[in-house]
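> pasting a predicted model and its sequence here:
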Amino acid sequence: MAFINRIDAALPTKLTPMLLCDRLLALADETDRAGFQVVTEHLMYLAFQMVDDQAGLKNNDNR
């Protein structure tokens, strides 16, 4: 019979744009290895769009 350990929930962390971009790019890497090119491109587009949006927000804050 299989023994299953209790898995504790991860501690809550603040979801930042940088963390979300990292997760999107990691997922894009996995989809690329799996051969899903269209999905990979879409995930990369989302990550880069988020970086561009954040850069725009920082530039507007400095004005």
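Now that the structure is in, tell me what you want to look at.
> tell me what the top helix by length along the chain is packed against?
Longest helix of the chain, by residue count under DSSP state H: helix 37-61. In this structure, helix 37-61 packs against helix 17-33, with contacts taken as 3 or more C-beta pairs under 8 Å, 6 or more residues apart in numbering; DSSP states H and E. Backbone N, C-alpha and C define where each C-beta goes, glycine included.
> okay, angle between the helix it packs on and helix 37-61 too, please.
160 degrees (axes from the mean of the first three to the mean of the last three C-alpha atoms, to 10 degrees).
> tell me how far helix 17-33 lies from the chain's centre.
Mean-position distance between helix 17-33 and its chain equals 4 Å (C-alpha atoms, centre = their mean, to the nearest Å).
> report the rounded mean pLDDT for it.
Averaged across helix 17-33, pLDDT comes to 94.
> alpha carbons of that helix, as PDB, please.
Only the C-alpha atoms of helix 17-33 are listed here, as PDB (Å, rounded to 0.1, in the frame of the first residue of the first chain):
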ATOM      1  CA  PRO A  17       5.000  41.300 -11.300                       C
ATOM      2  CA  MET A  18       8.600  39.900 -11.300                       C
ATOM      3  CA  LEU A  19       7.400  36.600  -9.700                       C
ATOM      4  CA  LEU A  20       4.600  36.300 -12.200                       C
ATOM      5  CA  CYS A  21       6.900  37.000 -15.100                       C
ATOM      6  CA  ASP A  22       9.300  34.300 -13.800                       C
ATOM      7  CA  ARG A  23       6.500  31.800 -13.600                       C
ATOM      8  CA  LEU A  24       5.200  32.600 -17.100                       C
ATOM      9  CA  LEU A  25       8.700  32.200 -18.500                       C
ATOM     10  CA  ALA A  26       9.200  28.900 -16.700                       C
ATOM     11  CA  LEU A  27       5.900  27.700 -18.000                       C
ATOM     12  CA  ALA A  28       6.900  28.900 -21.500                       C
ATOM     13  CA  ASP A  29      10.100  26.900 -21.200                       C
ATOM     14  CA  GLU A  30       8.100  23.700 -20.300                       C
ATOM     15  CA  THR A  31       5.600  24.200 -23.200                       C
ATOM     16  CA  ASP A  32       8.500  24.800 -25.600                       C
ATOM     17  CA  ARG A  33      10.100  21.400 -24.500                       C
END
